[in-house]
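In: When you get a sec, could you give me coordinates for this:
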Amino acid sequence: MSGAAMMINARSETAAAKPAFRDPLTNRRCLIPADGFYEWVRRGKAKQPYCFEVNDGELFAFAGLWDRWRDPSGQWIKSCSILTTTPNAVTSSVHDRMPVILDPDTYDLWLDPGMTNVEAISEMLKPYDAGLMRCYPVSTRINYVANDDAGCSAPVKLAETQARLFS
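Out: As a prediction, the model looks like this:
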C-alpha cells in the first residue's frame with residue numbers, strides 16, 4: 001500500500017501536531033461528499049458490514065484535507081484524507097472511530113482559506129449528532145469492489161444466533 005493510501009484517515013485530535021496533516025489542516029481543507037459510509041463488526045471469523053446514513057440517506061460532507069507533493073521521480077502525488085473522531089452513540093456499537101461529518105452550517109467556514117485558526121477549526125471536529133443518524137446491516141457483497149450497485153447498501157436481516165441447548 002502506498003504512503004498516500006495509508007493516510008486516507010487522519011485522527012482529528014492529533015492532526016494539528018502531525019507533520020503530514022499540520023499544513024493541510026491550516027490551508028488545504030476540503031469537503032468530501034457522501035450519502036453513507038460503512039464499518040464492519042467481526043462476528044467469529046466473519047465481518048458483518050453496516051451502512052451509516054444521515055437524515056435517511058441525504059447527502060452530507062466529511063471533513064477532509066488535501067495535499068500534493070512531488071515524488072522522487074518528479075511526478076505529482078495528490079491525496080486527500082478524511083478526519084476521524086470519537087464515535088457517537090450510533091457508531092460506537094460498530095466501531096471505535098467515525099469520520100467527522102460537518103454540519104452544513106459550517107461548510108463555508110471550513111472551506112474559508114482565510115480561516116487559519118486551528119483551535120477554531122478543531123471545534124468543528126466532533127462526533128455528529130447521533131439523533132440525525134441511522135445504521136443498518138448490509139450484505140457482504142459490499143466487500144467486493146466488483147459489486148457496485150444499489151444492492152450493496154440495501155438493508156439485510158441478520159440471522160439470529162441461538163445458543164444450542166445440547167451440543
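In: Only C-alpha atoms from now on, for both contacts and neighbour counts.
Out: OK.
In: Could you look up the SS state of Gly131?
Out: For Gly131, the assignment made with DSSP: H, G, I helix; E, B strand; the rest coil gives helix.
In: show me the contacts for the residue lying closest to Cys51 once chain neighbours are set aside.
Out: Sequence neighbours aside, Tyr38 is the residue nearest to Cys51 in space, at 4.6 Å (criterion: Cα to Cα, 6 or more residues apart in numbering). Going by Cα atoms under 8 Å, 6 or more residues apart in numbering, Tyr38 touches 49-52.
In: Wait, a strand at Tyr38?
Out: Yes - under three-state DSSP, Tyr38 sits within a strand.
In: State the distance from it to Phe52.
Out: Using Cα to Cα, to the nearest Å, Tyr38 is found at 6 Å from Phe52.
In: same question, Ser12
Out: For Ser12, the distance to Phe52 - Cα to Cα - is 20 Å.
In: do the same with Glu58
Out: 11 Å.
In: Who has more neighbours out of those two?
Out: Phe52 (21 against 10; other Cα atoms under 10 Å).
In: Could you list every helix and strand in contact with the helix or strand hosting that one?
Out: If you go by DSSP states H and E, Phe52 is part of strand 46-54. Applying 3 or more Cα pairs under 8 Å, 6 or more residues apart in numbering; DSSP states H and E, one finds that strand 46-54 contacts strand 37-43, strand 133-137.
In: could you give the mean pLDDT of the helix or strand following that strand?
Out: Scanning forward in sequence from strand 46-54 by DSSP H and E, the next helix or strand is strand 60-70. Taken as a whole, strand 60-70 has a mean pLDDT of 95.
In: Compute the inter-axis angle for strand 60-70 and strand 46-54.
Out: If you take axes from the mean of the first three to the mean of the last three Cα atoms, to 10 degrees, strand 60-70 sits at 110 degrees to strand 46-54.
In: which other helices and strands contact strand 60-70?
Out: By 3+ Cα pairs under 8 Å, 6+ apart, strand 60-70 packs against helix 19-27, strand 29-34, strand 76-85, strand 101-102.
In: Dig out what Met133 forms beta bridges with.
Out: With DSSP bridges as the criterion, Met133 is bridged to Val54.
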